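[1] Next one to model:
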Amino acid sequence: MEIFEEIKRRGHEQILFNYDRASGLKAIIAIHNTTLGPALGGCRMLPYQTEEAALEDALRLSEGMTYKAAAAGLDFGGGKTVIIGDPMKDKSEALFRALGRFIETLKGRYLTGEDVGTNEEDFVWARRETRYVVGLPPAYGGSGDTGDNTARGVIQAMRAALMHRYGSPDLQGRRIAVQGLGKVGYHVARRAIEAGARVIAADINPHVVGRVASAWGIEATDPWAVVETPCDIFAPCALGNVITERTVSALQCQVVAGSANNQLADDRLADDLAARGILYAPDFIANAGGLIQVADEIRGYHEERVRHQIDGIYDVLLEIFRKADASGRSTVAVAVDEARRRLDTIQAIHRLYGS
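    A predicted model of the protein is given here:
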């Protein structure tokens, strides 16, 4: 990867490589855009195969956070942290305190919290070294786990897609295939069943599938076959790059709406989905519930206000679907344009008034 060319292409403002010998921390912080306010984005911890793979993840995820915050109407920019390490073996107090020290040096330019491979308890350690963490447990003054609020937004995305496609937002009797039953996917499956849907679910951990099947009466399927499951809605709720040139032709659904980031291996695949008659809810809008929650925490958490904002995902997506149909463009292209338009407008206001 030509790092500076990639930064230029994506429009990032800053990339920081953090190494701490004492704790073994190897982290990358990517700040994409701070036009709307300080960069806000979670901290992901995975055993990346290469440093280049970790950097690519940080760059792509932080860019998505910019559009997510802009589309959600938040006054925050986009950023992301990735830690190279196995979250099952490599976590320690020292590691997260070292991360906190690095984040504190940015003096509020970037705030972070839980993501894939990390949880709110990890940032109790980081909080000892920095003020700039969010999503802490309620006992420590935070708003707690973001999984359920993220799922709430995904359900609103599903309802909007059904309304646009069928004229009714009702999930009753709809067949929904959920890929991944982690901190968000579990709540997506639960909420869908509570709304009367029939849920087929898969996870790489068979014990998780068994537990959820027992608790909620879902139909279990193979994690590699779930993409091809006949259903009304396919909900990717695990890692990204699920829809590729190979899998796009294997989908047997009418709608794709899930919580995973970067569901499309390439944004051009949104055109392929549209050509097949599959309605795609852009991931950075469908999964914005967690970001809305932690953003509200910064100004003083108010649960009712957060729920109201998350439920607004329904109307945002209805408008994007309408504009996509009217223009003949993909839902991703329309959603990105809408986010960029807000960024440009606020930037112009800031220039005008010298802010």
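[2] Where do the strands of the protein begin and end?
    The residue ranges that make up the strands of the chain, judged by DSSP state E, are 14-20, 25-33, 39-40, 43-46, 77-84, 110-111, 175-179, 198-202, 219-220, 233-236, 255-256, 279-280.
[3] The second one to strand 14-20, inter-axis angle?
    In terms of direction (axes from the mean of the first three to the mean of the last three C-alpha atoms, to 10 degrees), strand 25-33 departs from strand 14-20 by 170 degrees.
[4] what about strand 25-33, average pLDDT?
    With pLDDT averaged residue by residue, strand 25-33 scores 98.
[5] Likewise for stretch 274-290?
    Per-residue pLDDT over stretch 274-290 has a mean of 97.
[6] Can you point out the buried residues in that stretch?
    For stretch 274-290, the buried set under the neighbour-count rule, 16 or more other C-beta atoms under 10 Å, comprises 274, 278-290. No exception for glycine: its C-beta is placed from N, CA and C like everyone else's.
[7] do stretch 44-64 as well
    Neighbour-count burial for stretch 44-64, counted by 16+ other C-beta under 10 Å, picks out 44-46, 48, 54-64.
[8] before we move on, back to that, and the strands of the chain, which one is worst for confidence?
    Ranked by mean pLDDT, the strands of the chain bottom out at strand 219-220, with a mean of 90.
[9] so what strands line up beside that one?
    Using DSSP bridges, the strands paired with strand 219-220 are strand 198-202 (parallel).
[10] For the partner strand, output the C-alpha coordinates as PDB.
    This file holds the C-alpha atoms of strand 198-202, laid out as PDB (Å, rounded to 0.1, in the frame of the first residue of the first chain):
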ATOM      1  CA  ARG A 198     -39.200 -15.700  11.500                       C
ATOM      2  CA  VAL A 199     -35.400 -15.600  12.100                       C
ATOM      3  CA  ILE A 200     -32.700 -17.800  10.600                       C
ATOM      4  CA  ALA A 201     -29.400 -17.200  12.200                       C
ATOM      5  CA  ALA A 202     -25.700 -18.300  12.000                       C
END
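[11] to the chain's geometric centre, what's the distance from it?
    21 Å (C-alpha atoms, centre = their mean, to the nearest Å).
[12] Next, the angle from it to strand 175-179.
    Computed by the same axes, to 10 degrees, the angle between strand 198-202 and strand 175-179 is 20 degrees.
[13] residues in contact with strand 198-202?
    By C-beta atoms under 8 Å, 6 or more residues apart in numbering, the residues outside strand 198-202 that reach it are 173-181, 185, 189, 192-193, 209, 212-213, 216, 218-223, 225-226, 229, 231.
[14] what about the residue nearest to residue 92 when sequence neighbours are not counted, how many residues close to it?
    Once its chain neighbours are removed from consideration, residue 92 has its nearest residue in residue 23; the separation is 6.3 Å (C-beta to C-beta, 6 or more residues apart in numbering). Around residue 23 there are 17 other residues, counting by other C-beta atoms under 10 Å.
[15] Looks like residue 23 contacts residue 101 (just checking).
    No - using C-beta atoms under 8 Å, residue 23 makes no contact with residue 101, being 9.8 Å away.
[16] my guess is residue 6 meets residue 62, correct?
    No - distance between residue 6 and residue 62: 12.0 Å, which falls outside the contact criterion (C-beta under 8 Å).
[17] Quick check: end-to-end length of stretch 130-150?
    End-to-end span of stretch 130-150 (C-alpha to C-alpha, to the nearest Å): 25 Å.
[18] And for stretch 234-250?
    For stretch 234-250, the separation between the terminal residues is 12 Å (C-alpha to C-alpha).
[19] now it: how far from the chain's centre is it?
    Counting by C-alpha atoms, centre = their mean, stretch 234-250 comes out at 15 Å from the chain centroid.
[20] Which two among the buried residues of stretch 44-64 are spaced furthest apart?
    Across the buried residues of stretch 44-64, the longest distance by C-beta to C-beta is 19.7 Å; it joins 45 and 63.
[21] Show the pLDDT at residue 355.
    In the predicted model, residue 355 carries a pLDDT score of 54.
[22] same question but for residue 122, I mixed them up
    On the pLDDT scale, residue 122 is placed at 96.
[23] my guess is it meets residue 93, correct?
    No - contact criterion C-beta under 8 Å: residue 122 and residue 93 do not qualify, at 9.4 Å.
[24] Give me the more crowded residue out of the two.
    Under the criterion of other C-beta under 10 Å, the comparison of residue 122 against residue 93 puts residue 122 first, with 25 against 13.
[25] Find me whatever residue is spatially closest to that one, sequence neighbours aside.
    Among residues not flanking residue 122 along the chain, residue 96 sits closest, at 5.2 Å (C-beta to C-beta, 6+ apart).
[26] Give me the number of neighbouring residues for residue 87.
    The local packing of residue 87 (other C-beta under 10 Å) involves 16 other residues.
[27] Am I right that it is in contact with residue 44?
    No - with contact defined as C-beta under 8 Å, residue 87 does not reach residue 44; the gap is 9.2 Å.
[28] list residues touching both of these two?
    Common contact partners of residue 87 and residue 44 (C-beta under 8 Å, 6+ apart): 117, 118.
[29] How many residues are close by residue 30?
    The tally of other residues near residue 30 (other C-beta under 10 Å) stands at 28.
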